[in-house]
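A.B. asks: no sequence on this one, just coordinates:
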């Protein structure tokens, strides 16, 4: 963004007329049918809550124990099932666009870049992502493959998003935030539900769920499938079509009044189009490959909880996760075994939580091209951890101080401690102020320890650039300072504000050393080695403002404005030539979201989502604004129809780079969805 540029661009006249016309039509329809207005779909537990009740929703991501939003000394935002449904989102990244401080950009038809408070990227390396408490962070390339993360959207209860470090509770890699996707209990998904639909990009999709049970035992099973078309390619190389099938189950059992047991699992198969430049040594050449990657995964989770006296409880969660990722330039099979124990102890004026965890993650790497390799091919990644956190009531029901630390040992970098201190002041039952100081780390992964990637820079010499991870990389470190404020001004107006100042040290850099001649593999070639080191430091600061206004019971407006200022610099010992530019130019400085949810009548809903993101200079992506719209029609108690339009303000626009060749542009799209329940 140029200096002095407004954070919100002026819309072209045609786009402005479209938005204004839709809003005026919606309001006039609402006024004429207000006496009939009510929420029209399903029995989701969060959708009809007042703003006061939403502040009392219990969240678990902040401390692994349920606590009210009012009582959380963290920047937490809850995306409810009703928010997801009315946004028309069909993927998890699309749903995350609703949260303040979360940057989401679509790279192509199946790949995404996601970040929190900066550091947006393909793998979201500084964000810990969980699905029902199961980490989907891969230690191979340090991050999250968003195209592989899916579940039945209608079964999501809520998505809890923590902006800011969460290392004290969740451990390494929860640096800039934590995203926890939480699905509904099987008790809330009884009966049969079937959805089918399609459109010009989401070409076809279907899902089905069946749930049943008795007084103390409930279960559900589901299956889903989709096929998605490519986005717009100026060179007509439409490589990014994808399709997926997934099945899963969940059981919830209460064997006694004090015990609850959950067992759930999923399995998926995904085929996704890719385009890669792959370098070869003999002969020295680069081949541009367009083909399908093939990905498989299975997981199963077991969770037991026992309620003790005086509100205390015990929890034990274990899970097994297997992934088989067959990319165009490598294959990896990974098995992960994880166990997590928590003891929550309620004492007079204290709330003590402690726990321990173990994760064992063996992997097998298969080299499929000569220019990409990990050595050794078989390696096991281990994490041993423990944490303790205590909340003191300094002034009963008014002032609370929380202190804690995570103690962790991992295979790559050894032992580390991640402490935090948080202060919460309840000014009134509907007004709180909080502040926090937290240390968090991103630990090394296999890519920084035993990785080699060669890229042919000049076929005439020939000259190869070689990126090397040789185990000399230390954990990236964050020291974060936060202040937040929440207030319910009146039953129809709610405001949440969070500010932050983060200091980063030992960030990843790429350092060059003297070139050398290599004879093997033949023919002889020149190699310029580039080593992964800790040569960059950075500072981020910003503010996130999230108001909610419900002028009448049939119309709710939500919004958010997020401002980020990121500055980075090389350390004196570093000769890195590109990382600073990437960090400063890969995340938007300004983000604006406006959501309008209208109940037109007993049977009709109309929802409009507008968003603006400022430019990404390093990605060569300009600022853009666009809007999504949804029209919902309840045909009967059993049948609902939704018509959704996405990216309506322009035929196409670019959001992020990442593939070889010209930027992929995201198309204007629409789909129709029909849902039957019984």
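C.D. replies: Good, I have the coordinates. Note that this is a predicted model, so its numbers are computed, not measured.

A.B. asks: right, and residue 229 touches residue 205 too?
C.D. replies: No: counting by CB atoms under 8 Å, residue 229 does not reach residue 205; the two are 11.8 Å apart. Glycine gets a C-beta too; all of them are placed from N, C-alpha and C.

A.B. asks: what's near enough to touch residue 654?
C.D. replies: Listed by CB atoms under 8 Å, 6 or more residues apart in numbering, the contact set of residue 654 reads 621, 622, 624, 663, 664, 665, 666.

A.B. asks: Tabulate the residues you listed in a markdown table, adding columns for neighbour count, secondary structure and pLDDT.
C.D. replies: Shown next, in a markdown table, are the contacts of residue 654 (neighbours: other CB atoms under 10 Å; DSSP: H, G, I helix; E, B strand; the rest coil; pLDDT from 0 to 100):
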| residue | neighbour count | secondary structure | pLDDT |
| --- | --- | --- | --- |
| 621 | 21 | strand | 97 |
| 622 | 14 | coil | 96 |
| 624 | 19 | strand | 97 |
| 663 | 20 | coil | 96 |
| 664 | 28 | coil | 97 |
| 665 | 18 | strand | 97 |
| 666 | 24 | strand | 98 |
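
A.B. asks: Quick one: the helices in the stretch 251-400 of the chain, in order.
C.D. replies: With helices called from DSSP state H, counting those that start in this stretch, the stretch 251-400 of the chain shows none.

A.B. asks: And residue 55, what's its pLDDT?
C.D. replies: Looking at residue 55, its pLDDT stands at 67.

A.B. asks: One more: residue 39?
C.D. replies: Taking residue 39 on its own, its pLDDT is 33.

A.B. asks: one step back: how about the contacts of residue 654 in CSV, adding distance to residue 235?
C.D. replies: Formatted as CSV, those follow (distance: CB to CB, whole Å):
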residue, distance to residue 235
621, 18
622, 20
624, 21
663, 11
664, 10
665, 11
666, 16
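
A.B. asks: and which of those residues is nearest to residue 465?
C.D. replies: Of all these, residue 465 sits closest to residue 663, with 22.9 Å by CB to CB.

A.B. asks: could you give me the average pLDDT of the helix or strand hosting residue 483?
C.D. replies: Using DSSP states H and E, residue 483 sits in strand 476-490. Strand 476-490 carries an average pLDDT of 96.

A.B. asks: do the same with stretch 205-219
C.D. replies: The average pLDDT within stretch 205-219 is 96.

A.B. asks: cool, and stretch 187-195?
C.D. replies: 96.

A.B. asks: what's next to that stretch, contact-wise?
C.D. replies: 43, 45, 154-155, 157, 205-213, 218, 220, 250, 252, 673-678.

A.B. asks: Buried residues, it. List them.
C.D. replies: Buried positions in stretch 187-195, judged by neighbour count with 16 or more other CB atoms under 10 Å: 188, 189, 193, 195.

A.B. asks: Checking the last one next. Helix, strand or coil?
C.D. replies: The three-state label given to residue 195 by DSSP: H, G, I helix; E, B strand; the rest coil is strand.

A.B. asks: ok, back up a step: out of the contacts of stretch 187-195, list just those in strands.
C.D. replies: Using DSSP state E, the subset of those located in strands is 157, 205-213, 218, 220, 250, 252, 673-677.

A.B. asks: The strand holding residue 483 pairs with which strands, parallel or anti?
C.D. replies: Looking at strand 476-490 with DSSP bridges, its partner strands are strand 431-442 (antiparallel), strand 493-512 (antiparallel).

A.B. asks: Single out the most deeply packed of those strands.
C.D. replies: strand 431-442 (a mean of 21; mean count of other CB atoms under 10 Å).

A.B. asks: all strands for the stretch 101-250 of the chain, in order.
C.D. replies: Using DSSP state E, counting those that start in this stretch, the strands of the stretch 101-250 of the chain run over 102-106, 112-116, 127-131, 134-135, 156-163, 177-183, 191-199, 202-213, 217-228, 242-253.

A.B. asks: list the helices and strands the first one packs on?
C.D. replies: Using 3 or more CB pairs under 8 Å, 6 or more residues apart in numbering; DSSP states H and E as the contact definition, the elements that strand 102-106 packs against are helix 92-96, strand 112-116.

A.B. asks: Ok, which of the ones you listed comes nearest residue 302?
C.D. replies: Of these, nearest to residue 302 by CB to CB is helix 92-96, at 23.3 Å.

A.B. asks: give me the low-pLDDT residue ranges for the protein?
C.D. replies: 1-50, 52-55 (pLDDT under 70).

A.B. asks: can we see that at 50?
C.D. replies: Applying pLDDT under 50 to the chain flags residues 1-46.

A.B. asks: Can you give me the distance of residue 306 to residue 255?
C.D. replies: Separation of residue 306 from residue 255 (CB to CB, to the nearest Å) stands at 10 Å.

A.B. asks: Who has more neighbours out of these two?
C.D. replies: residue 306 (14 against 11; other CB atoms under 10 Å).

A.B. asks: In space, what's closest to the more buried one - neighbours in sequence excluded?
C.D. replies: residue 314 (4.8 Å; CB to CB, 6 or more residues apart in numbering).

A.B. asks: Bridge partners for the one you found, pull those for me.
C.D. replies: Beta bridges link residue 314 to residue 306, residue 343, judged by DSSP bridges.

A.B. asks: That one and residue 305, how far apart?
C.D. replies: Residue 314 is 7 Å from residue 305, by CB to CB.

A.B. asks: got a list of what the most centrally placed residue in the chain touches?
C.D. replies: Central residue of the chain (CA atoms, centre = their mean): residue 179, 5.3 Å from the mean position. Shown in contact with residue 179 (CB under 8 Å, 6+ apart): 96, 102, 116, 127, 128, 129, 130, 159, 160, 161, 162.

A.B. asks: can you rerun that using 10 Å?
C.D. replies: By CB atoms under 10 Å, 6 or more residues apart in numbering, the residues touching residue 179 are 61, 79, 92, 96, 99, 102, 114, 116, 124, 127-131, 136, 144, 149, 159-163.

A.B. asks: Equivalent analysis for residue 404, please.
C.D. replies: Residues near residue 404 by CB under 10 Å, 6+ apart: 63, 168-169, 352-354, 387-391, 418-422, 438.
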